[in-house]
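Enquirer: A predicted structure for the sequence below; I have some questions about it.
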Amino acid sequence: METSAAHLKTSQESVEIWFQIQKDDEGYPKSQDWEELWALPIEGGAFEIQSVPFFLKEIASGDVVSAARTSEGWYRFDRIISRSGNSNFRIWLHERTETERERIIHDLEGLGCRVEVTMERLIAMDVSPDRENRVWAYLDAGQRSGEWGLQIGWSPD
């Protein structure tokens, strides 16, 4: 039985949890082996993910995970305890679209996404289940028109 994290949150400060990145067949991302995500400690030693992942697959904001504290004092991801229902998508803006980044971010936020940007052209977004269809239509249209490359980090569908 899954437990909702909403009623279990504590007042503790967020912590970073380190996740080892599973590379694709081409070794992407070549420059990173780990991604750290901010998470809020909740009862029972679990953590609710607060960040939007850029490289990880199978994780979305709001998911509840367990993590072990290492001897160096940092937290390393162990397993997923429960899913938030949110999806995580990423787009890599093509060179001709890079100048449109602010408009695209504004569009995504208008569709209800929580958006984070890195490397100027990589946009990651957290999408709630009630908005996924509209967001997916927008993302798919942009991919088909050649504005960006599209990757699904996690989607329950």
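Expert: All right, it came through fine.

Enquirer: what about the longest helix in the chain?
Expert: helix 132-144 (DSSP state H).

Enquirer: Next, the buried residues of that one.
Expert: 132, 135, 136, 138, 139, 142 (16 or more other CB atoms under 10 Å). In this view, the C-beta of every residue, glycine as well, is placed from N, C-alpha and C.

Enquirer: from those, which is closest to residue 95?
Expert: The shortest gap between residue 95 and any of the buried residues of helix 132-144 belongs to residue 142, at 14.4 Å (CB to CB).

Enquirer: Can you name the residues that contact residue 51?
Expert: 37, 38, 39, 61, 116 (CB atoms under 8 Å, 6 or more residues apart in numbering).

Enquirer: Could you report the distance from the last one to residue 97?
Expert: It stands for residue 116. 18 Å (CB to CB, to the nearest Å).

Enquirer: Point out where the protein drops to low pLDDT.
Expert: 1-12, 27 (pLDDT under 70).
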